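Undergrad: Got a predicted structure here, sequence first:
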Amino acid sequence: MTAPHGFSVSRYAPERGTLAKLAARDSVLRRLDWPILLSALALSGIGSLLVWSATRGRTELNNGDPYYFLFRHVLNTGIGLALMIGTIWLGHRTLRGAVPVLYGLSIVLILAVLTPLGATINGAHAWIVVGGGFSLQPSEFVKITIILIMAMLLAAKVDAGDQLHPDHRTVAKALTLAALPMGIVMLMPDLGSVMVMAVIVLGVLLASGASNRWVLGLIGAGVLGAVLVTALGMLDEYQINRFAAFANPDLDPAGVGYNTNQARIAIGSGGLLGAGLFKGSQTTGQFVPEQQTDFVFTVAGEELGFVGAGLILVLLGVILWRSCRIARETTELYGTIVAAGIIAWFAFQAFENIGMTLGIMPVAGLPLPFVSYGGSSMFAVWVAIGLLQSIRVQRPMTA
């Protein structure tokens, strides 16, 4: 067909491929879980302000630039968002085929920490310093690969319709593959990350439908492992002191109990509405150590008060609630297990981080997801959000 003046209509009409791409893009945007995405963005935004408040006066850390940590935190969030988009674009099903490669790469990275490439930061020999002030904590990404490798194994025969539940041989193989990186991380020693990984493994087993004997056995093995680690002297002195201070807060308030005591003072002084952003005496006085990372929640408690700290809890709760919906509504066991592993990870790590600032959990050096400063942690949690979104986007539409 020819249009007036001899111009072809098809020349100016959108190609079918273009229309299909636009329709697919619109479908993806509509099917995203926006409460999860907006809550994670809000937490990262709040975290930027809290990190800025905690570091703008720390000239020994920011080299005289009060915006140094703020800029890097925002940059880390931006990179995390890009990783999330890339994860959604690839899709959790596509990544399923690459899981063995990702698992092997994560093993190589954590082994590299035990070589001269590794560096000790804040007492834990768990980092690789690349140069230019850039450091990588491989154990953050191991959390993801443990979830993926266990989900791939435990769901393979069930999703294929060959079994109703994972058999004992499959569960044993999955636990062995999870134990290998956990053992290496324990050698660093990075006890906090191992604790999170153990909870992830437990959450994955519960979601997979594996026999309860495996769950009970895992709990028993965890208790026995903790006893052996302590008896064999695998923990550093500072880690033992942290547990001692947790058991007895009055043991050494000016020494091993200093962090927790100052954190509780900061949070308790905030009251209902807080002292105001940048106006907290504990924060401006730099009384709380590692306040931009492990103890960032104390800035919220002191400067934003119960309301601001409560908002962080609500946003974390929204992410966990919506993640549970994704895990429940997906039609494949693989997606359910991946979502359950992420839920266990986020829930325990947030509880441990906030709990240690309140004195109800031992200090374990774990960041608050999306809020604490740290590139590796930020990248890992946004990849996890990408996996959750992919599971939701790719699930079959119901009538």
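TA: Received the coordinates, thanks. Numbering: from 1, shown residues only.

Undergrad: mind showing which ranges of this protein have poor pLDDT?
TA: Residue ranges of the chain with pLDDT under 70: 1-26, 122-124, 131-133, 229-230, 232-256, 396-399.

Undergrad: remind me, longest strand of it?
TA: Secondary structure of the chain read by DSSP state E shows that its longest strand is strand 124-131.

Undergrad: Keeping just the C-alphas, turn stretch 34-51 into CSV.
TA: What follows is stretch 34-51, C-alpha atoms only, in CSV (Å, rounded to 0.1, in the frame of the first residue of the first chain):
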residue,chain,number,x,y,z
TRP,A,34,7.1,-2.2,43.5
PRO,A,35,6.7,-2.3,47.3
ILE,A,36,9.9,-4.2,47.5
LEU,A,37,11.7,-1.9,45.1
LEU,A,38,10.5,1.3,46.6
SER,A,39,11.2,0.1,50.2
ALA,A,40,14.8,-0.9,49.2
LEU,A,41,15.3,2.5,47.6
ALA,A,42,14.0,4.2,50.6
LEU,A,43,16.3,2.3,52.9
SER,A,44,19.3,3.1,50.7
GLY,A,45,18.3,6.8,50.7
ILE,A,46,17.9,6.8,54.5
GLY,A,47,21.2,5.0,54.7
SER,A,48,22.9,7.7,52.7
LEU,A,49,21.8,10.4,55.2
LEU,A,50,22.8,8.3,58.2
VAL,A,51,26.2,7.5,56.7
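
Undergrad: so how far is it from its chain's centroid?
TA: Averaging C-alpha positions (CA atoms, centre = their mean, to the nearest Å) puts stretch 34-51 14 Å from its chain's average.

Undergrad: next one: stretch 208-220
TA: Computed by CA atoms, centre = their mean, the chain-centroid distance of stretch 208-220 equals 24 Å.

Undergrad: Need the residues that contact that stretch.
TA: For stretch 208-220, the external contacting residues (CB atoms under 8 Å, 6 or more residues apart in numbering) are 150-151, 154-155, 158, 164-166, 168, 171, 175, 201-202, 205-206, 333, 337. For every residue, glycine as well, the C-beta is placed using N, CA and C.

Undergrad: and if you look at stretch 269-279?
TA: Contacts to stretch 269-279, defined as CB under 8 Å, 6+ apart, come from residues 49, 53, 56, 280-282, 284, 301-309.

Undergrad: 10 Å - rerun?
TA: Contacts with stretch 269-279, where a contact means CB atoms under 10 Å, 6 or more residues apart in numbering, come from 49-50, 52-54, 56-57, 266-267, 280-284, 298-310.

Undergrad: Paired strands for the longest strand of the chain, with orientation please.
TA: Sheet pairing for strand 124-131, assigned by DSSP bridges, gives strand 118-121 (antiparallel), strand 134-136 (antiparallel).

Undergrad: hang on, the earlier thing: which of the contacts of stretch 208-220 are buried, as a ChimeraX select command?
TA: Selection of buried members from the contacts of stretch 208-220 for ChimeraX, criterion 16 or more other CB atoms under 10 Å:
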select :150,151,154,155,158,166,171,175,201,202,205,206,333,337
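
Undergrad: Arg31 is in contact with Glu329, correct?
TA: No: using CB atoms under 10 Å, Glu329 makes no contact with Arg31, being 11.5 Å away.

Undergrad: next helix or strand past the helix or strand encompassing Gln262?
TA: Gln262 is located in helix 258-269, with elements delineated by DSSP states H and E. Note on helix 258-269: by DSSP H and E, the next helix or strand toward the C-terminus is helix 281-284.

Undergrad: Next, the buried residues of that next one.
TA: 282-284.

Undergrad: Can you name every helix or strand that it contacts?
TA: The contact analysis (3 or more CB pairs under 10 Å, 6 or more residues apart in numbering; DSSP states H and E) places helix 281-284 against helix 34-55, helix 258-269, helix 296-299.

Undergrad: Skipping adjacent residues, who's closest to Val199 in space?
TA: Spatial nearest neighbour of Val199, excluding adjacent residues (CB to CB, 6 or more residues apart in numbering): Phe348 at 4.2 Å.

Undergrad: For Ala98, see how far away the one you found is.
TA: Phe348 sits 27 Å away from Ala98, going by CB to CB, to the nearest Å.
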